[in-house]
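Asks: take a look and give me a structure for this.
(one chain, ligands or ions: 1)
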Amino acid sequence: MRQEHDNDQAGERGGAPARRLFSSVGGAAQQALYFNEALLGFFGKIVGAPLRPSGPQGSYSYYARTGDYLGLHRDIAECDVAVISCLCDDGAQAGSGALQLYPARIAEPLSQIRATPDRGLVSVRLRPGQTIVLLGGYVAHATAPMAHGQKRLISVLCYRGDWAPPLPDH
Ligand SMILES: [Fe+2]
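Replies: Here you go, the predicted structure:
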């Protein structure tokens, strides 16, 4: 599914950050990893809290067109921890398609980070086969625009951490 949305409406958590990319829900192979107890335990150790899958499946994001990107955001309330794996990254140039992270600015509103985007920026370009375990609901992050001809495919798994307050009933 193509997502094109340049009118940024990111909230402090979740909302609708600006984006240009394709996305799809994951299939059986990804789902087996998503619910794997050993992996859950491993990721939980990294973040220091028990984790549980926040939904029925993960997703894939395809940054397949020049300029595809994802604007600055923190992940939705159900997604305290994002496990992002790079499956493919062809045609990258310096910094293009990098994950831009602001780990030192965890307490600041997004507007303040946007106003001074170079401060505290940690730019990470995952190579194919690499995975990052990110406190995506807390650490603001974005994906830098793709270079001409670049194709980047990532797997995204979202987890809730048991340190988080329960969701309100609906
Ligand atoms: Fe995110």
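Asks: any idea which helix or strand carries the residue lying closest to residue 79 once chain neighbours are set aside?
Replies: Leaving aside its sequence neighbours, residue 79 sits nearest to residue 158 (Cβ to Cβ, 6 or more residues apart in numbering; 3.7 Å). From N, CA and C alone the C-beta is placed, and that goes for glycine too. Using DSSP states H and E, residue 158 falls within strand 151-161.
Asks: tell me who's in contact with the nearest residue to residue 160 once chain neighbours are set aside.
Replies: In this structure, residue 160 finds its nearest non-sequential neighbour in residue 54, 4.7 Å apart by Cβ to Cβ, 6+ apart. When contacts are counted by Cβ atoms under 8 Å, 6 or more residues apart in numbering, residue 54 touches 78-80, 158-160.
Asks: residue 99 against residue 136, yeah?
Replies: No. Counting by Cβ atoms under 8 Å, residue 99 does not reach residue 136; the two are 10.0 Å apart.
Asks: neighbour count: those two, which is higher?
Replies: Ranked by neighbour count (other Cβ atoms under 10 Å), residue 99 and residue 136 place residue 136 first, with 24 against 19.
Asks: the residue nearest to residue 79 and residue 84 touch, don't they?
Replies: No. Between residue 158 and residue 84 there is no contact under Cβ under 8 Å: 9.9 Å.
Asks: any idea of the mean pLDDT in the longest helix anywhere in the chain?
Replies: Under DSSP state H, the helix in the chain containing the largest number of residues is helix 37-47. Here helix 37-47 scores 97 as its mean pLDDT.
Asks: so it versus strand 151-161, what angle?
Replies: Helix 37-47 runs at 80 degrees relative to strand 151-161, counting by axes from the mean of the first three to the mean of the last three Cα atoms, to 10 degrees.
Asks: who does the next helix or strand along the chain from helix 37-47 pair up with?
Replies: Proceeding N to C from helix 37-47, the next assigned helix or strand is strand 51-53, under DSSP H and E. Sheet pairing of strand 51-53 (DSSP bridges) gives strand 151-161 (antiparallel).
Asks: just the strands in the protein please.
Replies: 2-5, 9-10, 15-16, 19-25, 51-53, 59-63, 69-73, 81-90, 99-101, 122-124, 131-134, 141-143, 151-161 (DSSP state E).
Asks: which strands or helices does the second one pack on?
Replies: The contact analysis (3 or more Cβ pairs under 8 Å, 6 or more residues apart in numbering; DSSP states H and E) places strand 9-10 against strand 15-16, strand 69-73.
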